[in-house]
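> let's see this in three dimensions:
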Amino acid sequence: MLLRNAGIIFRYNSRHNIRFFYNGSSSEYGERASSSMDGAGQENWRKFDGGRPVVDDVCRILESGPWGPAVENALSTVDEKPVADLVIGVLRRLKDVNQAVNYFRWVERRGDQALCPEAYNSLLMVMAKAQKFDFLEEILGEMSIAGFGPSPNTCVELVVSCVKAQKLREAFDFIQTMRKFKFRPAFSAYTTLIGALSAVHASEPMLTLFHQMQELGYEGKADEALRIFEEMKKDAVPNLPTYNIIIDVLCKVGNVDAAFKVRDAMKEAGLFPNVMTLNIMIDRLCKAQKLDEAYSLFRGMDHKVCIPDEVTFCSLIDGLGKKGRVDDAYQLYEQMLDSDKLPNAVLYTCLIRNFFKCGRKEDGHKIYKEMIHRGCSPDLLLLNTYMDCVFKAGETEKGRALFQEIKARGFLPDVRSYSIIIHGLVKAGFAHETYNLFYAMKDQGCVLDTRAYNAVIDGFCKSGKVNKAYQLLEEMKTKGHQPTVVTYGSVIDGLAKIDRLDEAYMLFEEAKSNGIELNVVVYSSLIDGFGKVGRVDEAYLIMEELMQKGLTPNCYTWNCLLDALVKAEEINEALVCFQSMKDLKCTPNHVTYSILINGLCRIRKFNKAFVYWQEMQKLGYKPNAITYTTMISGLAKAGNIVEANELFQRFKANGGIPDSTCFNAVIEGLSMTNRGMDAYKLFEEARSKGSSIHTKTCIVLLDALHKAECLEQAAIVGAVLREIAKSQHAARFW
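Down below sits the predicted model:
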């Protein structure tokens, strides 16, 4: 027994090997049993009712006379060390409570383990059938310490037995005893007893039980609660708190119309809604996003009879703000100030968060300053929320300052504070700061939750400390935190980016086997990783799996696959994918077009590349420097020098800086179309900007200048050509 045997730790193992003794040794009895049935039959027979022959023997001994040494000795000869199945079988057969308790205690003394929950429930059922409850509180106390309670069936049976015997006080006391030991009485136990109390017009205990049902969270059973409430009204006059409870129950399940009817019935009964009633209804309406009804209810209040309090204002201000109606929320805040109500940190938290969510960060900052000006001190929750909003708005330095302000105001940053700043800094490109913040958090004694693990793991992955991230993933699992799709996604992406693709794929499979619903981001990480190392087939298979799962690849996913195909020079396959992308209503972006243009130019399909360039321009996308350079060089090499030069001039006009490849391609193109002086001007520009000139470029330009009889310029180009030759000769010699 747990309470009577000090040092015994509660354990329960339902798998026992049962030994039987019957007028002889266990082996003799086992031989008899085995002669009449096979092994499986023996096992089933032994399990049934705890081993019926032994149960019969134990029950006969218990019924043979009063409890004493003789009974105990007889029990020892039948079964020296009873097991759970046998004990449960015996208790189910007993009718006398004293016999049952004595046997229960004897079994505890014989064993080295506390009895199992089923044995305790079986003992309670004996009490229920006998309607004797002298030992009830003692047994419930032991169950509470052992960490389990009466089963719902046992709870209902105890109440029903009392009701049948008209022992309503005992039934009421039983429920109160369960509450005393922090057990949760079954819903049916409440409804059964309330019905019985209603029949005898016991209004006070009825109302008490109804209130307790609400406290214990049975609001989800709104229809049943309403039925009980209507029955109660026949025999007891509900008071204001009772009406508030039923209104709360109905509002929580979204049955607002019924809640309004109860409110109207309340008025008809001569009870008028108080501020608690209105707070319940406004809060529930706001949470159900029925803002117009909530606002209407607020405006319809007689503010002389029922004065809204801080809770009323806070519920409605937060509800309006979450719906994006921040100006209405702020007007209500001003009305609150006019009515001499003092806003608290909770209300300011709502205002700041909702203004930031609506993209009005300046107003959010003003509200924080106004709060300080009015003498309302922020709490840690507000500072954390404000810091989170600031980081999400891209104000990294302000976020850092708020983290320091937390400490300056005398608060210790909690695990959420650290999670917010780490996540914010990682998103802003300061992942390398994760390490110091992580160890500061550990040194402070913060216990990491799932959100904190995710932030730190992501930071380590993005700062190149993938091994450390992997260790934290394992630590997270050992600490009982289930990794989420965010956790797995961070580590998979980190591994894929450093070409540890087989490990990334193993983790991908582990996540799926653990029932994690992987998203497009995780699949894209693998497609990108496999594609970058040329493992295009595997990238394709992952894309196929993604679509089979019913997920829709986004633009980034398609770009990863297209880039892999282009680098593998499978340009035709890339074009097929590009068409599939458009067919699936995924709009290509400037990166998509850049990948295709670069790929087509690489295999010298310059004219085709120019078609995509023009399509890109029509869509209003701005090419990056690499795409500009690739397209200019490609057009020049294809002989489309007019288009190449126009593109080149536009590129420079837009602030682009051409590289050596771009300069050389255009110079050669102009030279080959007999535009020697234009080419020479570009030649001088390239030299002034430090771009290297290729030997071939100089030769082509020199030839064009001679044809144009520009001898002075030709001499300069010739001198440059000789310098290039000398430097190349010296490099070879070295």
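> which stretches in the stretch 151-300 of the chain count as helices?
152-164, 168-180, 187-199, 203-215, 222-235, 240-252, 256-268, 275-287, 291-299 (DSSP state H, counting those that start in this stretch).
> lowest mean pLDDT across the ones you listed, which one is that?
Sorting the helices of the stretch 151-300 of the chain by mean pLDDT places helix 222-235 lowest, at a mean of 58.
> how much space separates Glu474 from Val522?
19 Å (C-beta to C-beta, to the nearest Å). To be clear about C-beta, it is placed using only N, CA and C from the backbone, and glycine gets the same treatment.
> of the two, who's got more company?
Shown here are Glu474 and Val522; by other C-beta atoms under 10 Å, Val522 has more neighbours (27 against 10).
> wait, isn't the more buried one in contact with Val486?
No. With the criterion set as C-beta atoms under 8 Å, Val522 and Val486 do not qualify as a contacting pair; they are 9.5 Å apart.
> helix/strand/coil for the nearest residue to Trp67 once chain neighbours are set aside?
Among residues not flanking Trp67 along the chain, Asn102 sits closest, at 4.4 Å (C-beta to C-beta, 6 or more residues apart in numbering). Using DSSP: H, G, I helix; E, B strand; the rest coil, the three-state assignment for Asn102 comes out as helix.
> tell me how many other residues crowd Asn102.
Neighbours of Asn102 (other C-beta under 10 Å): 17.
> again with the one 3 residues further on
By the measure other C-beta under 10 Å, the count of residues near Arg105 is 13.
> who does the one helix or strand it maps to touch, helix- and strand-wise?
Assigned by DSSP states H and E, Arg105 belongs to helix 97-110. Other helices and strands packing on helix 97-110, by 3 or more C-beta pairs under 8 Å, 6 or more residues apart in numbering; DSSP states H and E, are helix 52-63, helix 69-78, helix 84-93, helix 117-130.
> you'd agree Arg284 is up against Phe260?
No. The pair Arg284 / Phe260 is not scored as a contact, 11.5 Å apart, by C-beta under 8 Å.
> tell me which of those two has more neighbours.
A count of neighbours by other C-beta under 10 Å puts Arg284 above the other of Arg284 and Phe260, at 22 against 16.
> now the more buried one: closest residue in space, sequence neighbours ignored.
Nearest one to Arg284, counting by C-beta to C-beta, 6+ apart, is Cys251 at 3.2 Å.
> my read is that that neighbour contacts Phe260, right?
No. The criterion here is C-beta under 8 Å, and Cys251 misses it with Phe260 at 9.6 Å.
> for Cys155, see how far away Pro185 is.
Relative to Cys155, and taking C-beta to C-beta, Pro185 is found at 6 Å.
> so what does Tyr167 look like in phi/psi?
Tyr isn't right for residue 167; it's Lys. phi -100, psi 70 (degrees, to the nearest 10).
> show the pLDDT at it.
Reading off the model, Lys167 has pLDDT 86.
> list the contacts for it?
Gln131 (C-beta atoms under 8 Å, 6 or more residues apart in numbering).
> can you start the count at 10 instead of 1 from here on
Understood, numbering begins at 10; the last thing we discussed is Lys176.
> please name the nearest non-neighbouring residue to Gly473.
Ile507 is the one closest to Gly473 (C-beta to C-beta, 6+ apart), at 7.6 Å.
> correct me, but that neighbour touches Ser472?
No. Judged on C-beta under 8 Å, Ile507 makes no contact with Ser472 at a distance of 11.9 Å.
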